[in-house]
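In: No letters, just coordinates:
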C-alpha cells in the first residue's frame with residue numbers, strides 16, 4: 001500500500017493488518033459470508049478496499065430473515081490455487097455458502113468453479129469475458145462490465161472523438177484478462193478501420209515498463225493503450241509520463257480501479273489521460289448517494305471502485321436472501337436471476353441467462369489540478385453507455 005492509502009485507512013480508524021477481526025463476533029445462527037481478496041502482494045490495496053465494501057453492506061443490514069450477518073476475510077495472495085484452498089476451508093470449517101470477491105480474473109475463474117462444486121453462491125467483480133462467457137456456471141455472478149464492454153465503451157468513443165488518430169499501440173498483461181482486453185481492442189479497431197501498429201506483452205509480475213514503452217515510441221502511434229490493471233497500469237502510466245509520451249500521443253487506460261488509482265497517481269499524472277471506469281462517485285443515483293453518505297460518515301473517505309463493487313455485490317446477495325426467504329443457495333440463485341435493482345450506476349439488472357449485471361461503463365478524462373473542485377474531483381465523465389455481447393456470442397451455457 002502507498003502512503004496515501006495507509007493514511008486514508010488510518011484516518012478511518014482501520015488497521016490494515018487487523019481488518020479481518022471485524023468478522024469475529026457472530027452467532028451460531030448467523031449467515032456467514034466469505035470475502036476472498038488479495039490482502040498481500042501488489043494488489044493488496046484493492047483487496048483491503050474490497051473488504052471495506054463487504055463490511056459496509058454487512059453493517060448496513062445487520063440481519064436478514066431474522067439472522068445475523070457476518071463475514072470472514074481471507075487472503076488469496078492473488079494465486080488461484082491459494083484462493084481455491086481458502087474457499088474450501090471456509091466451506092468446511094464455517095459452512096460458508098456465500099462468497100464476494102475475486103478481483104483478479106484467474107482467481108475468480110478458479111473460485112467460481114469451486115464454489116459451484118461446493119454448492120454455494122459467488123458474486124465477483126473481475127473482468128475476463130470467460131466468467132460470464134464460455135466458463136460461466138450457475139453459482140457465479142458478476143457486477144462489473146466485462147472486458148469487451150469496457151473496451152467498446154472507451155475505444156469506440158475515443159476513435160469517434162479523434163478520427164485522425166489512425167495508429168494505435170497496446171501494452172498488454174499476458175493473462176486471461178489482458179488477452180480478453182486485447183482481443184476486444186483488435187475487434188473494435190478493425191471495425192473502425194484503425195490500425196494496430198504493435199503490441200507488447202508483459203507478465204503479471206512486471207514492474208519495469210521502460211522496454212515496452214520504448215517499443216511503443218518506436219512505432220510512433222497516435223494512441224497508446226495500457227491493457228493492464230491495478231499497480232501495473234499505475235506504474236506503466238507513471239513511467240510513460242516520465243518518458244513524455246503524454247505529450248506525443250493520446251494515452252488510454254480502458255480499465256482502472258478509479259479513485260484509489262487516481263489518488264496514487266496524482267492530478268499531475270492523470271491530467272489529459274483517458275480512463276475507463278466501472279464506477280464514479282459523482283453518479284447521481286439513490287443507492288450511490290446512500291453509499292457515499294455511509295462511507296463518508298463511517299470511514300471519512302470517498303468510496304472508490306473496489307469498495308463500491310464489493311458493497312453492491314454483497315448487497316445483491318443479501319437482497320436475494322431476503323427475497324428468497326432462505327439461505328439455500330439454489331433459492332438465492334433463483335432470486336438473483338433476472339433481478340432488477342437500483343444500483344450504483346442507476347437501474348441495473350442481472351441477466352438470467354449468464355448472470356452478468358447489465359450496467360453503464362464510463363469513459364473519463366483527467367482534469368488539471370487547478371480545475372478540481374475538491375480533493376477527489378480528478379476527472380470529467382466524457383461518455384457512458386452499455387455494450388455487452390449476447391449470451392450466444394459470449395458462449396455461456398448455464399447447464
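Out: Yep, that arrived. Keep in mind it's a predicted model, so treat the numbers as computed, not measured.
In: so which helix or strand takes in residue 383?
Out: strand 379-385 (DSSP states H and E).
In: mind checking how far that strand is from the chain centre?
Out: Chain-centre distance of strand 379-385: 17 Å, with CA atoms, centre = their mean, to the nearest Å.
In: Contacts for that strand, please.
Out: Contacts to strand 379-385, defined as CB atoms under 8 Å, 6 or more residues apart in numbering, come from residues 153, 157, 161, 262, 270, 274-275, 277, 280, 282, 360-367. Quick note: C-beta positions are derived from backbone N, CA and C, even for glycine.
In: what is residue 35 paired to in the beta sheet?
Out: Counting by DSSP bridges, residue 35 forms beta bridges with residue 73.
In: Report pLDDT for it.
Out: Model confidence at residue 35, expressed as pLDDT, equals 97.
In: now residue 204
Out: You'll see residue 204 listed with a pLDDT of 87.
In: likewise residue 189?
Out: Here the pLDDT value assigned to residue 189 is 98.
In: related to what we said a few turns ago, and the contacts of strand 379-385, which of them are in helices?
Out: Using DSSP state H, the members of the contacts of strand 379-385 that fall in helices are 153, 157, 161, 262, 270.
In: quick one, what contacts the second one?
Out: The neighbourhood of residue 157, defined by CB under 8 Å, 6+ apart, consists of 363, 382, 383.
In: Just put those in JSON lines and tack on distance to residue 37 and pLDDT.
Out: Below are the contacts of residue 157 laid out as JSON lines (distance: CB to CB, whole Å; pLDDT from 0 to 100):
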{"residue": "363", "distance to residue 37": "27", "pLDDT": "98"}
{"residue": "382", "distance to residue 37": "30", "pLDDT": "97"}
{"residue": "383", "distance to residue 37": "31", "pLDDT": "97"}
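In: re earlier: can you go through the contacts of strand 379-385 and name the buried ones?
Out: Burial by neighbour count, judged by 16 or more other CB atoms under 10 Å, picks out 153, 157, 262, 270, 274-275, 277, 280, 360-367 from the contacts of strand 379-385.
In: And those residues, which is closest to residue 301?
Out: Distance to residue 301, by CB to CB, is smallest for residue 262 among the buried ones among the contacts of strand 379-385, at 13.4 Å.
In: Helices of the stretch 151-300 of the chain, start to end?
Out: Secondary structure of the stretch 151-300 of the chain (DSSP state H, counting those that start in this stretch): helices at 176-192, 210-219, 231-242, 259-265, 267-270, 286-298.
In: For residue 199, see how far away residue 351 is.
Out: 31 Å (CB to CB, to the nearest Å).
In: and if you look at residue 174?
Out: 10 Å.
In: So which of those two has more stuff around it?
Out: Under the neighbour definition other CB atoms under 10 Å, residue 174 and residue 199 were set side by side, and residue 199 has more, 19 against 16.
In: That one against residue 170, yeah?
Out: Yes - the criterion here is CB atoms under 8 Å, and residue 199 meets it with residue 170 at 4.6 Å.
In: any residues in contact with both of those two?
Out: Between them, residue 199 and residue 170 share the contacting residues residue 182, judged by CB under 8 Å, 6+ apart.
In: who does residue 195 bridge with?
Out: For residue 195, the beta-bridge partners are residue 167 (DSSP bridges).
In: For the residue most central in space within the chain, which non-adjacent residue is spatially closest?
Out: In the chain, the centroid-proximal residue (CA atoms, centre = their mean) is residue 125; its distance is 4.9 Å. Spatial nearest neighbour of residue 125, chain neighbours left out: residue 309 (4.1 Å); criterion: CB to CB, 6 or more residues apart in numbering.
In: what is the orientation angle of the helix or strand harbouring the one you found with helix 286-298?
Out: Secondary structure from DSSP H and E places residue 309 in helix 305-324. For helix 305-324 against helix 286-298, the angle by axes from the mean of the first three to the mean of the last three CA atoms, to 10 degrees is 120 degrees.
In: tell me the mean pLDDT for helix 305-324?
Out: Averaged across helix 305-324, the pLDDT comes to 97.
In: how far off helix 305-324 does the next helix or strand after that helix point, in degrees?
Out: Per DSSP H and E, helix 305-324 leads on to helix 329-336 as the next helix or strand towards the C-terminus. For helix 329-336 against helix 305-324, the angle by the same axes, to 10 degrees is 110 degrees.
In: Going by neighbour count, list what's buried in helix 329-336.
Out: Applying a neighbour-count criterion of 16+ other CB under 10 Å, one finds 329, 332, 333, 334, 335, 336 buried in helix 329-336.
In: right, and the fourth one touches residue 324 too?
Out: Yes - shown here, residue 334 and residue 324 form a contact pair, counting by CB under 8 Å, at 6.9 Å.
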